[in-house]
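Participant: this one's sequence-less:
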């Protein structure tokens, strides 16, 4: 299983903080997972996941769309950070 | 520049407020080389881009936020001869005038302490997964990342 988590504005706009997905070829890279999530019925998914500045992390490390996802990974999507 | 073989690096993410004097005291470890402590405290401003802010909400990514700040502290300790460094960042609902973040660096001399403290804040603002939402009379607005903040972090490259 994959854990997919969302934070801040991304979480609010999707109305979703956490998803559990079965790992498949369709989620073997960050780009593939995004495309799979964009198919979800709620149109917000494609808008939010297509944002240029969306950040993705796998197991707490920031990665790009080409990065491979393995079963049991935790994949996070969030907007640019604004702490401090 | 020589680095201390095992500086103490500490990160705390907490809803609770913090006591600056207590934190500063905890940086002093009785090491004979200690000669300088530089600290930074960030506060919630009421005067924000969205107008007069009545409250601020801070969200983090439990686990990654701590790791990300810890990695910044490690980088700082590789660049400057740090003896001890501590970061406290608050999350949850905060109000104008509240303390948000505290960074303290102890070193042998002031130059390293000042530089490391500024480096840590610049990187924290650019990289640590933390997000602010402002509450004001116009409603709730997620704060947008500022290009000037990533620019300040890049100065250190």
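Facilitator: Arrived safely, thanks for sending. None of these values were measured; they are calculated from a predicted model.
Participant: Show me what from chain A comes close to chain B.
Facilitator: Chain A has residues A:5, A:7-9, A:12, A:53, A:57, A:60, A:76, A:78-84 near chain B, with proximity defined as Cβ under 8 Å from any Cβ of the partner chain. (Glycine included, C-beta is placed from N, CA and C.)
Participant: rerun at 10 Å
Facilitator: A:5-13, A:53, A:55, A:57, A:59-62, A:74, A:76, A:78-84 (Cβ under 10 Å from any Cβ of the partner chain).
Participant: How far off centre is stretch B:6-15?
Facilitator: Stretch B:6-15 sits 10 Å away from the centroid of its parent chain (Cα atoms, centre = their mean, to the nearest Å).
Participant: meant to ask about stretch A:13-31
Facilitator: That offset, for stretch A:13-31, works out to 6 Å (Cα atoms, centre = their mean).
Participant: And stretch A:55-69, by the same measure?
Facilitator: Mean C-alpha position of stretch A:55-69 versus that of the full chain (Cα atoms, centre = their mean) differs by 9 Å.
Participant: Kindly report the same for stretch B:134-143.
Facilitator: In this view, stretch B:134-143 has its centroid 23 Å away from the chain centroid, taken as Cα atoms, centre = their mean.
Participant: Now that stretch: buried residues?
Facilitator: By 16 or more other Cβ atoms under 10 Å in any protein chain shown, the buried positions in stretch B:134-143 come out as B:134, B:135, B:136, B:141, B:142, B:143.
Participant: what do you get for stretch B:7-23?
Facilitator: Applying 16+ other Cβ under 10 Å to stretch B:7-23 flags B:7, B:8, B:9, B:10, B:11, B:13, B:18, B:23 as buried.
Participant: Quick one: the strands in chain A, in order.
Facilitator: Assignment of strands within chain A using DSSP state E yields the ranges A:2-6, A:18-21, A:55-58, A:61-63, A:74-78.
Participant: typo on my end, it should be chain B
Facilitator: Along chain B, counting by DSSP E, strands occupy B:8-14, B:36-43, B:47-48, B:51-60, B:82-90, B:92-94, B:99-107, B:130-136, B:139-142.
Participant: Select from those the stretch with the lowest mean pLDDT.
Facilitator: Comparing mean pLDDT across those, the weakest is strand B:47-48, with a mean of 80.
Participant: who does that one pair up with?
Facilitator: The sheet places strand B:47-48 alongside strand B:51-60 (antiparallel), with pairing taken from DSSP bridges.
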